[in-house]
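*Asks:* Model the structure of this input:
(2 chains)
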Amino acid sequence: MKQFNLGPVRHPAPATLDIVSVGEMTDATRAIRLSPDFDVETLGSALDHLDLIIVTFPIFRDGRGFTQARALREYFGFAGEIRAEGHLIPDQAQFLWTCGVDAVQLEDDTDTTPWLRALTLFPVTYQARLGLR
Amino acid sequence: MNAPVGLYQYQTADREFLASRIAEFEGQVARRLSGDLTEDEFKPLRLMNGLYLQLHAYMLRVAIPYGVLDSRQMRKLAHIARRYDRDYGHFTTRQNIQFNWIKLEETPEILRQLADVDMHAIQTSGNCIRNVTCDQFAGAAADELMDPRVHAEILRQWSTLHPEFTFLPRKFKIAISGSPQDRVAARFHDIGILARPGENGPLFRIFVGGGLGRTPLVGHELFDSVPEADLLMTLEAVLRVYNAYGRRDNIYKARIKILVQALGIEGYREAVRHELSRMDPSHYRLAPEVVAAIRARFAAPDLTASPDADAVLRRDRQANPAFDRWVRSNTLPHFAPGRIAVTVSIKPAGGIPGDATSDQLDRLADLADQFSFGELRITHLQNVVLAHVAQDRLYALWQVLNEIGLGDANNELIGDIVACPGLDYCALANARSIPIAQKLSARFADNALQEEIGKLRINISGCINACGHHHVGHIGLLGVDKRGEEFFQITLGGRDDDKSRTGDILGAALPEDDMVDAIARIVDRYLSVRERGEQFLDTLSRLGDAPFKEAAYETV
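*Replies:* Numbers count the residues shown, from 1 in each chain, chains lettered A, B, ... in the order given. The predicted model follows:
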């Protein structure tokens, strides 16, 4: 797998972190992988110790990860790195970035050209034009 | 003609966005044609651009935001029908138009041509927020409390390529009206919005969780009076709850109505309030200056009319009973003196509901230029509205409509049938909806008879997915397959207005051959038992369905 950054990563996580599921978390855990049905509110103060959260997409049409990432950033002020994993398509690049995802995990042989192009395709979003942040 | 009115005027950024989007899709089509993309890989990409694969060909569904378009756009649709389809287009119940015989390799060119007139097919498919629908008489109807088009445009912009809500559990449909007469079926939408003016700006009554399909449900009121500043914030909260918790394991349980049903409206409201409590209002506030800037991109027509316009119309009506009948059924009072709003029936006797030929589309564009400031609206009952006609020119308009076969006086009458594409086009259908619609329309062709029968809407769906909205037909027909033969099940009493409810099944399904006669017997029975001043729904509610059941199954 290789990492593709959707923009300047907000707070890059160290490269060698052990990534565990929520159920396997301990006080020492600094990186977790969320299932799409996980309610991020239940992380509570554990969030303060995390450097990396991975949101997962079992299929690209399952958009729950967008809402998880947005809630992490917006409701709970998570400042660490958010990465997206699973079945993703380049058309989602800008959506992911806007919702607070820093990077995506891609197969090693994935051509990143469409991902790069997708990021520059639409410079202005309609939501921003309406004054939404 | 002068600049189109009543229509949001695109900015450069809108056009640049469309151009890049088409370039992207052109690359995807090329990769599909060369075999680099499989159909499985291509499917989600084409659906994002409104391109479906039906039974016999590709179908392109073109968005008509809140149903409003101008004459230059209508002419372009005519051109596309003529050049790339089989010389006709089909208006849909979501105020869109679809072309049923499209060649894949021609789609990028079609999309470029649409973009030339600021149109596209984005979000007419897929599990995203679809084209927002709106009252077809917005900014014209005398009964209107508030023109909903500015907020419909705001909803269009807000929902276009929404970063969080483009991969929802299922499609999501929003309708908005500013009239106390619910003409948008607000209670049968994922979100229905009724706008009204308040002391400190507009207020929005929001319904959630309505829908038809396999599980017809009437929407619940979520909030009574959301202020304008909070409108988008509230919608974001509703969608966020749905995106997180809506079912994704079963396509038939994935609409928001199922989640609302599961949580109860109180539970859903509570969840929305919880979201709202965590949201920073300063991120979501819809500012008055933003609304004003969008309002400024709608030109207002000069609605002054000749002082004797109404007198001329009165005289014209007295002189011609057929015209008079058409005025009774196909016009609506306008708020401006001397003006009137016209519904052009796209339901000619024996015709296919919602189908218009390229010539008719061109002529409608001409009529819009001559009679209604170059502006047209598509209705969710698949007709076309010219909203601002001068009353002293109405007779001239009617004469031209008759010349082009669109002069039927059947708006909201029994000939104003809504039907899905059915088995003639659709891979999901059990039965052909179109032939039965045509037979019924021919049977009740006489406009005088239709007026005598009164308000009576027939909706026909070819399968339980209910695209013909049979649940809300006063008479609804649902196509079912019985051992390879087409049968139709009858429901009575559905309606989608402020007394919204779904119809009740009358009894066992009847074979296609018996259908028209059975409906005719129901109508005959109604005519024989109704009391003075009653419409079909009134008689049905007074007597129940027993007399109609008896009539329907009389010879069986």
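*Asks:* Which residues of chain A lie near chain B?
*Replies:* A:39, A:60-64, A:66-68, A:70-71, A:74-75, A:89, A:91-92, A:94-96, A:98-99, A:117-118, A:121-122, A:124-127, A:129-133 (C-beta under 8 Å from any C-beta of the partner chain). To be clear about C-beta, it is placed using only N, CA and C from the backbone, and glycine gets the same treatment.
*Asks:* wait, B:D116 sits on B:K76?
*Replies:* Yes: with contact defined as C-beta atoms under 8 Å, B:D116 counts as touching B:K76 (6.9 Å).
*Asks:* Output stretch B:367-375 as CSV, restricted to C-alpha atoms.
*Replies:* Coordinates of each C-alpha in stretch B:367-375 appear next as CSV, following Å, rounded to 0.1, in the frame of the first residue of the first chain:
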residue,chain,number,x,y,z
LEU,B,367,-44.7,30.3,-27.3
ALA,B,368,-42.6,31.0,-24.2
ASP,B,369,-40.9,33.9,-26.0
GLN,B,370,-44.2,35.2,-27.4
PHE,B,371,-46.3,34.8,-24.3
SER,B,372,-44.3,34.3,-21.1
PHE,B,373,-41.0,36.2,-21.1
GLY,B,374,-39.1,33.3,-22.6
GLU,B,375,-39.6,31.2,-19.5
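*Asks:* For it, which outside residues touch it?
*Replies:* For stretch B:367-375, the external contacting residues (C-beta atoms under 8 Å, 6 or more residues apart in numbering or on different chains) are B:1-2, B:4-7, B:68-72, B:74, B:301, B:342, B:344, B:376, B:386-390, B:393, B:396-397, B:400-401.
*Asks:* Point out the ones among those that are inside strands.
*Replies:* Mapping the contacts of stretch B:367-375 onto strands (DSSP state E) picks out B:68-70, B:342, B:344, B:376, B:386-390.
*Asks:* Going by distance to chain A, which of these wins?
*Replies:* Closest approach between the ones in strands among the contacts of stretch B:367-375 and chain A, by C-beta to the nearest C-beta: B:V68, at 18.1 Å.
*Asks:* what's the spacing between that closest one and B:H283?
*Replies:* B:V68 sits 30 Å away from B:H283, going by C-beta to C-beta, to the nearest Å.
*Asks:* the more surrounded of those two?
*Replies:* Neighbour comparison, B:V68 and B:H283: the larger count goes to B:V68, with 27 against 12 (by other C-beta atoms under 10 Å in any protein chain shown).
*Asks:* what pLDDT does the more buried one get?
*Replies:* Looking at B:V68, its pLDDT is 95.
*Asks:* wait, isn't it in contact with B:R149?
*Replies:* Yes: B:V68 is within contact range of B:R149, at 6.9 Å (criterion: C-beta under 8 Å).
*Asks:* on that earlier part again, what about B:D116 and B:K76, which has more around it?
*Replies:* For B:D116 versus B:K76, neighbours defined as other C-beta under 10 Å are more numerous around B:K76 (23 against 13).
*Asks:* Which neighbouring elements make contact with the longest helix along chain A?
*Replies:* Using DSSP state H, we find that the single longest helix of chain A is helix A:64-74. Contacting helix A:64-74 under the criterion 3 or more C-beta pairs under 8 Å, 6 or more residues apart in numbering or on different chains; DSSP states H and E are the following elements: strand A:52-57, strand A:81-86, helix A:93-98, helix B:231-245.
*Asks:* Low-confidence regions, the chain specifically.
*Replies:* Let's take chain A. A:123 (pLDDT under 70).
*Asks:* I was after chain B.
*Replies:* Those would be B:1-6, B:556, if you go by pLDDT under 70 across chain B.
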